[in-house]
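# Fold the following for me, if possible:
(2 chains)
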Number of protein chains: 2
Amino acid sequence: MQDFILLQAARGLTTSRPPVWIMRQAGRILPEYRAVRAKFNGFKEFVKNPEACCEVTLQPINILGVDAAIIFSDILVVAEAMGLDYEMIESKGPLFYKTIQNTNDLDTIKIVDANSLHYVIEAIKLTKVKLLNTAPLIGFAGAPFTLFAYMTEGSSSKTFSKAKNLMFTRPDVAHELLYRITATTINYLEAQILAGVDMIQLFDSWAGILSPGNYQEFGLGYCAKIITTLKQKFPHIPITLFAKGANHSITDIAFTGCDVIGLDWTISIPYARLHSAGKALQGNLDPCILYGNKAFIQKNTIQLIEAMKGHPFIANLGHGVYPDTHVDHIKYFIECIMKNV
Amino acid sequence: MQDFILLQAARGLTTSRPPVWIMRQAGRILPEYRAVRAKFNGFKEFVKNPEACCEVTLQPINILGVDAAIIFSDILVVAEAMGLDYEMIESKGPLFYKTIQNTNDLDTIKIVDANSLHYVIEAIKLTKVKLLNTAPLIGFAGAPFTLFAYMTEGSSSKTFSKAKNLMFTRPDVAHELLYRITATTINYLEAQILAGVDMIQLFDSWAGILSPGNYQEFGLGYCAKIITTLKQKFPHIPITLFAKGANHSITDIAFTGCDVIGLDWTISIPYARLHSAGKALQGNLDPCILYGNKAFIQKNTIQLIEAMKGHPFIANLGHGVYPDTHVDHIKYFIECIMKNV
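From the prediction side, this is the model:
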């Protein structure tokens, strides 16, 4: 197997240019994605169709020319597999009709194996066949705290008051739920690796709502459990931990055993390099930079590449690309990275 | 004039115990507030009534026993005075019907003096009389970037895409708007000081959505302008800058010339002490800690006080108190601080 530039950087090697991919690259920004999406009645029907997920996973490779595909799916499929159903409300986000509030609610929440997520595993297998080894495929899961936040809050939130209420009044229930999510996520990611993904990313999208101490207790410990378990079995598969907003804990993130630290745009690069314990860094352009004109995008992209020079680095945005971004601007960002040797 | 414990701490002196007040202490948490609020048809009618604002400003002094009153008002009254009207939608937040998108939109936006905000100034004068010098009164304003974010986005937002779109495509328009907000805010805060407030807080509630570089360019420079201008005229009035989420820039915040740095709960205290250039610190309990039981509140409050020991410190939450917090729990937080010498 050839060693892709993405995997080289993830393993801490210096590359001739930074590899680049875009969080949410398979998604609403592409008209080709919207055409596939339109064939389905709802998001859930779409996400459970392996052929459709494979098709939209491959689109950014062909249309944008990125250095990696990431399997199209949703972090919340794990919550559903564990027994908590949700709906994806267009342009609003996920909504759970039932949430976990007490010990009784935990009765319905099971640790499951990847059979209940067979549609993702099938999509991965299909995609690996179709990729013909031209690019690596990234698998992913939500980090336990982020899944916990949705399963207790029921939706996105400015304060996540319900999630924190449970953490601070019933830490026993919170930790039991986190434990079950962790065990399920390990099963799920092992199956993704066995199905062929070349790399893993854990998305801790809501890490930033916690204090450093609370993130250690309710977040990072569970991430470390997942990472060390996977690393023991599959030491060759690089793992990225993207804990959005938890820049206060970058050194602790490095010590979870991950290979790559995902960064949002609210951290200074010199600080990140200094505190990353030598791990590769990924990110971190503010997605809104892509609203600017080409000169502005180029200036900011070159600044980023220069600031990362000499450090193992995977170029990306600091968050998923926003749906109202011009595809031409995304392509230009990628072009700037490809050309800047 | 006696020197209140709050002002001592703000000036960097050691106090026998930390002074304490609560962001949003005059507000929805108190039934007594809701009784006053219910007499008015809308929020705007309420906020423009000096007697009512005075009454709810004094409530926390009597009911909670905090060490300071903060004048009841809203940061967006400045936007309205400058020519951009808004509505406060119950449990949703502010909504502007028109937003600033280009040079033409700027035509309607004026630098104004505090005459157009006379109702706030009257409320301050009334409150000073009624306080009988038993507690200091804090005045406040939104920091320029936060007002800019609302005036361009039109409402609260997860991404503030419209605000950033303007910053990144029309920085000239963005800076002109920021300049006018800054000039108006200086007029407004000067009038507050002349009306009798003992201290000032600038709320940069949306600082955390920017990269460190962008916050320097679009945020901190304007804060520094306000602070240095006020300090020249009124060197005895302490000023707090609370830039929520901008912990990456704590040292730059210290160098704006402020006396006190407001902290949210996502910064580690040792880091904050080390990087605060000796300025007093204010905060920073996660408001959700108050959902826990008394033992939990006590444990977290003592941890905070211990971590701040030896550093000039004003106890507070790391954000405004959430409306679903039990008043008894707020009182207990305050009691823990008062008793822990």
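# Now name the helix or strand holding residue A:186.
Residue A:186 belongs to helix A:171-195 when assigned by DSSP states H and E.
# Run the contact check for that helix versus chain B.
No: using CB under 8 Å from any CB of the partner chain, helix A:171-195 stays clear of chain B, coming no nearer than 9.1 Å. In short, each C-beta sits where N, CA and C put it, glycine included.
# Return the list of helices and strands in contact with that helix.
helix A:77-81, helix A:103-106, helix A:118-131, strand A:137-142, helix A:144-153, helix A:161-169, strand A:199-204, helix A:221-233 (3 or more CB pairs under 8 Å, 6 or more residues apart in numbering or on different chains; DSSP states H and E).
# can you redo these as TSV with mean pLDDT and distance to residue A:176?
Compiled in TSV, the helices and strands packed on helix A:171-195 are given as follows (pLDDT from 0 to 100; distance: least, CB to CB, whole Å):
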stretch	mean pLDDT	distance to residue A:176
helix A:77-81	98	15
helix A:103-106	96	6
helix A:118-131	98	25
strand A:137-142	98	18
helix A:144-153	98	11
helix A:161-169	96	11
strand A:199-204	98	19
helix A:221-233	98	12
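# These: which one's closest to chain B?
Set against chain B and scored by CB to the nearest CB, the helices and strands packed on helix A:171-195 come closest in helix A:161-169, at 3.6 Å.
# can that closest one be found next to chain B?
Yes: judged by CB under 8 Å from any CB, helix A:161-169 and chain B are in contact via A:161, A:164-165, A:167-169.
# Neighbour count for the residues you listed - can I get that in JSON lines?
Formatted as JSON lines, those follow (neighbours: other CB atoms under 10 Å in any protein chain shown):
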{"residue": "A:161", "neighbour count": "17"}
{"residue": "A:164", "neighbour count": "26"}
{"residue": "A:165", "neighbour count": "19"}
{"residue": "A:167", "neighbour count": "26"}
{"residue": "A:168", "neighbour count": "20"}
{"residue": "A:169", "neighbour count": "15"}
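# tally of neighbours for the residue nearest to residue A:259 when sequence neighbours are not counted?
Counting by CB to CB, 6 or more residues apart in numbering or on different chains, residue A:259 lies nearest to residue A:238, which is 4.1 Å off, once chain neighbours are set aside. Neighbours of residue A:238 under the rule other CB atoms under 10 Å in any protein chain shown: 25.
# One more: residue A:31?
So residue A:31, with other CB under 10 Å, has 10 neighbours.
# got it, and the one 5 residues further on?
Number of residues near residue A:36 (other CB under 10 Å) recorded here: 19.
# And for residue A:59?
When neighbours are counted by other CB under 10 Å, residue A:59 comes out with 20.
# again, but for the one 5 residues further on
Using other CB under 10 Å, the number of residues around residue A:64 comes to 21.
# just residue A:107 next, same as before
Neighbours of residue A:107 using other CB under 10 Å come to 8.
# For residue A:98, see how far away the residue nearest to residue A:84 when sequence neighbours are not counted is.
Computed as CB to CB, 6+ apart, the closest residue to residue A:84 that is not its neighbour in sequence is residue A:151, at 5.5 Å. Between residue A:151 and residue A:98 the distance is 9 Å, computed by CB to CB, to the nearest Å.
# got any residues that touch both of the two?
Contact criterion CB atoms under 8 Å, 6 or more residues apart in numbering or on different chains; residues shared by residue A:151 and residue A:98: residue A:84.
# For the residue lying farthest from the centre of chain A, give me its contacts.
Distance from the C-alpha centroid of chain A, by CA atoms, centre = their mean, peaks at residue A:104 (30.8 Å). Under the criterion of CB under 8 Å, 6+ apart, residue A:104 has no contact partners.
# Please apply the same query to residue A:261.
Counting by CB under 8 Å, 6+ apart, residue A:261 has contacts A:240-242, A:250, A:253-254, A:272, A:276, A:279-282.
# rerun that using 7 Å as the cut-off
Taking CB atoms under 7 Å, 6 or more residues apart in numbering or on different chains, we find residue A:261 in contact with A:241, A:250, A:253-254, A:276, A:279, A:281-282.
# follow-up on the earlier one: which one of residue A:151 and residue A:98 has more residues nearby?
residue A:151 (27 against 13).
# How about the residues of chain A by chain B?
A:159, A:161, A:164-165, A:168-169, A:208, A:211-212, A:247-248, A:265-268, A:286, A:288-289, A:291-293, A:296, A:322, A:324 (CB under 7 Å from any CB of the partner chain).
# start to end distance for stretch A:34-49?
Stretch A:34-49 has an end-to-end distance of 15 Å (CA to CA, to the nearest Å).
# cool, and stretch A:80-91?
OK, stretch A:80-91 end separation, CA to CA: 20 Å.
# chain center to it: distance?
In terms of CA atoms, centre = their mean, to the nearest Å, the centre of stretch A:80-91 is found 18 Å from the chain centre.
# Report the buried residues of it.
A:80-84, A:86 (16 or more other CB atoms under 10 Å in any protein chain shown).
# For the stretch 1-150 of chain A, which residue gets nearest to chain B?
For the stretch 1-150 of chain A, CB to the nearest CB, closest residue to chain B: residue A:93, 9.1 Å.
# Just to check, that residue is in contact with residue A:154?
No: using CB atoms under 7 Å, residue A:93 makes no contact with residue A:154, being 10.8 Å away.
# Which one of these two is surrounded by more residues?
residue A:154 (20 against 15).
# Local confidence estimate at that one?
pLDDT for residue A:154: 96.
# likewise residue A:251?
97.
# Repeat that for residue A:267.
98.
# just the one 4 residues further on next, same as before
pLDDT, the model's per-residue confidence, is 97 for residue A:271.
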